[in-house]
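Asker: next come a sequence and a model predicted from it.
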Amino acid sequence: MTPTLAATLALAALAALGGCASAPAPAPATAPAGETVRLRVIGFNDFHGNLEEGKLTLTLPDPARPGAGQRVVVGGAAPMAALVQALRAGAPHSLVVSAGDMIGASPLVSTLFRHESTVQVMNRIGVDVGAVGNHEFDAGTAELQRVLAGGCAPELPGNPGATCVLQPYPGAQFALVAANVHQADGRPLFAPSWVREFAGVKVGVIGAVTRGTPKIVVPQAIGGLRFEDEAEAINRSVRELKAQGVHTLIVTMHEGGEIGSAQQPADWNDERCPNLRGPIVDLARRISPEVDLIISGHSHQGYRCLLDGRPVVQSTSYGRGLSVTDLVIDARSGRVDRSATRSRNLPVLNAHTEPAQRSAIAAAQPAPWGDALRAAAVPGDAAQAVAAEVGRFSAAAAPRAQRVVGHIGGSFERGGRGGTSSAGQMIADAQLAATRAPANGGAQLALMNSGGVRADLLCRQAPPCPVSFGEAFAMQPFGNSLVVMTLSGAELKALLEAQQPPGRASPNFLQPSDSLRYRWRASAAPGERVQDLRVDGVPVRPEADYRVTVNGFLAEGGDGHSLLTQGRNRLGGKVDIEALTAYLASTPVPSTASRIERVD
């Protein structure tokens, strides 16, 4: 961080932050024999540092039109705190549990402060325990441990992040658990589980992260770590906890699935979970039946499935919803009465939610969930403290976030028809522009992974539309350096053919720069789907060499593109956000058409 940035952030801070609220104290030690202990488990996942109230939405069932959906404005840390507070007030005992990706791939108000802002807000909300997600590893194991333990981070050249801007950073007041992450010597990186007593009943929470993490995190960030099969690690922890007399067991796991389809979206509270698919199906089947509740994440979906008599839940992402499960535990045996378990996904309604929608949604909820939504509309002390804290960090980030860096001639969106993305293509164009000069690598084409595009750039007026640094950063928050490498024409074609590996129903396209064009024939045999491949309008020759730009994540084989690790004559370049802002500043960027012609 430069001295200028440090000074700007310090001057923009409104006041030093107060101490963080502690997690709720454990309940009294014992309950009379024969009675039950009621525990409310409040889960969320994939928050990704979305602290501010913006215009995030959810599509929810419309109570006034059976079978129809309605788009509802939701989200924000303060409204989330208000709903958590209302839910905790309605239960004798409660836990707040994260299913991973609390930080990483985040808006500027989190990333600019090295995610200290998000952790401090989560302390105030009262998070008790969470799973490690793949994005918690984005900045490496040492930085993750620093974020949890507290203390100021060293300032690194080229890293725009600020640390300890408003006060010395205290660290997390919640635990992260991961039963399936091991260091090179076999020791666990984090505790596999966490236990708390409620009225004399021990409750265990076991964590796990997707075993696919090595394919979706820069390898150097997780060097020396081993990611075990999730179910096997969880079941081992189940046996260990049961041996300690813990019989109420909850899994928080950063892996998930999907329900419904693009043509027929499913209700996130439909226990039948139509068309349930993804890794969660096999994992739920293999996880010990002793586990009473599975809180999942990673797939950014909303669902509340009842599988073999136990809930498997997920509350979408970005703080837009909460999954709430009430467990009734026999005080003598410590076991959950599964027949009495009740769960619900609830939206985090905020100040931008239409009042009529808020009233109708609350009225449509079964008791006691509607009461909680109504109570959350009047924020209590905890929610007000969270709002003030978010406001201080937002004010500190504002001078940089609001600076206009360029203009666009239309909207650029992550999603697109047939797997193409105008946003991804525009980023590829920016990365090619940054590396095309011979001194910068002499690139002829660029490729961008779709998962690295984290937000849209929308043009909401007659173009050209201004783009702020905060908007550009939300689109490219990772800080990946660009890498230019040499691939032969045959290697380039093999790379593109690998976009649909065996067993995958559809391709996961790398988004190409305008210099790369080809036809994708879906019905062709594997290895023959890429046709009429051209660079700068000239057919690609298998024996010729081509200079290709990718980000550092892809260059190290990210998303399973191991062929890129073999690229020759590598040259490092700008950081991705620098390339993007320079491109936006050069001229109003026009909207783009697909560079991939898809045919059956």
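Answerer: Perfect, I can see it now. Residues are numbered from 1 along each chain as shown.

Asker: what's the first helix or strand after the worst-scoring helix or strand of the chain on mean pLDDT?
Answerer: In the chain, no helix or strand scores lower on mean pLDDT, DSSP states H and E than helix 3-12, which sits at a mean of 40. Downstream of helix 3-12, the next assigned helix or strand under DSSP states H and E is strand 36-44.

Asker: tell me what the next helix or strand after that following strand is packed against?
Answerer: Using DSSP H and E, the helix or strand that follows strand 36-44 in sequence is strand 57-61. Applying 3 or more Cβ pairs under 8 Å, 6 or more residues apart in numbering; DSSP states H and E, one finds that strand 57-61 makes contact with strand 69-73. Every C-beta, even on glycine, is put in place using the N, C-alpha and C of the backbone.

Asker: give me the sheet partners of the strand it packs on and which way each runs.
Answerer: strand 57-61 (antiparallel) (DSSP bridges).

Asker: which outside residues touch the partner strand?
Answerer: 68-74, 265, 267-268, 302, 316, 320-321, 347, 361, 364 (Cβ atoms under 8 Å, 6 or more residues apart in numbering).

Asker: PyMOL command to pick out the buried ones of those?
Answerer: Selection command for PyMOL covering only the buried members of the contacts of strand 57-61, criterion 16 or more other Cβ atoms under 10 Å:
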select buried, resi 70+72+73+74+267+268+302+316+320+321+347+361
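
Asker: tally of neighbours for the closest residue to Ile280 other than its chain neighbours?
Answerer: Spatial nearest neighbour of Ile280, chain neighbours left out: Gly257 (3.6 Å); criterion: Cβ to Cβ, 6 or more residues apart in numbering. When neighbours are defined as other Cβ atoms under 10 Å, Gly257 has 23 of them.

Asker: and for the one 4 residues further on?
Answerer: Residue crowding around Ser261 was assessed by other Cβ under 10 Å; the count is 11.

Asker: ok, it to Val84 distance?
Answerer: Using Cβ to Cβ, to the nearest Å, Ser261 is found at 32 Å from Val84.

Asker: please apply the same query to Glu491.
Answerer: Relative to Val84, and taking Cβ to Cβ, Glu491 is found at 51 Å.

Asker: so for the two, which sits in the more crowded spot?
Answerer: Neighbours were counted for Glu491 and for Val84 using other Cβ under 10 Å; Val84 has more, 25 against 20.

Asker: quick check: Asn569 vs Val203, distance?
Answerer: When Asn569 is compared with Val203 (using Cβ to Cβ), they lie 56 Å apart.

Asker: higher neighbour count, the two?
Answerer: More neighbours surround Val203 than the other of Asn569 and Val203, with 25 against 11 (other Cβ under 10 Å).

Asker: give the partner strands of the helix or strand that one falls within in its sheet and their orientations.
Answerer: In this structure, Val203 sits in strand 201-209 according to DSSP H and E. Sheet neighbours of strand 201-209, with direction, are listed as strand 193-198 (antiparallel), strand 248-254 (parallel) (DSSP bridges).

Asker: in CSV: those, plus mean pLDDT.
Answerer: Listed next are the strands paired with strand 201-209 as CSV, based on pLDDT from 0 to 100:
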stretch, mean pLDDT
strand 193-198, 98
strand 248-254, 98
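
Asker: for these, which one sits closest to Ser339?
Answerer: strand 248-254 (15.1 Å; Cβ to Cβ).

Asker: could you check how far the nearest residue to Cys152 once chain neighbours are set aside is from Ala524?
Answerer: Excluding the flanking residues, the one nearest Cys152 by Cβ to Cβ, 6+ apart is Cys164, at 4.0 Å. Going from Cys164 to Ala524 by Cβ to Cβ gives 56 Å.

Asker: check Ala208 too.
Answerer: Distance from Ala208 to Ala524, by Cβ to Cβ: 39 Å.

Asker: now Trp268
Answerer: Trp268 is 38 Å from Ala524, by Cβ to Cβ.

Asker: cool, Asp381 as well?
Answerer: In terms of Cβ to Cβ, Asp381 sits 63 Å off from Ala524.

Asker: out of those two, which sits in the more crowded spot?
Answerer: Ala524 (15 against 10).

Asker: so what does that one look like in phi/psi?
Answerer: The phi/psi pair for Ala524 (degrees, to the nearest 10) reads phi -70, psi 160.

Asker: need the contact list for it.
Answerer: So Ala524 contacts Gln531 (Cβ under 8 Å, 6+ apart).

Asker: from Gln264, how far out is it?
Answerer: Separation of Ala524 from Gln264 (Cβ to Cβ) stands at 29 Å.
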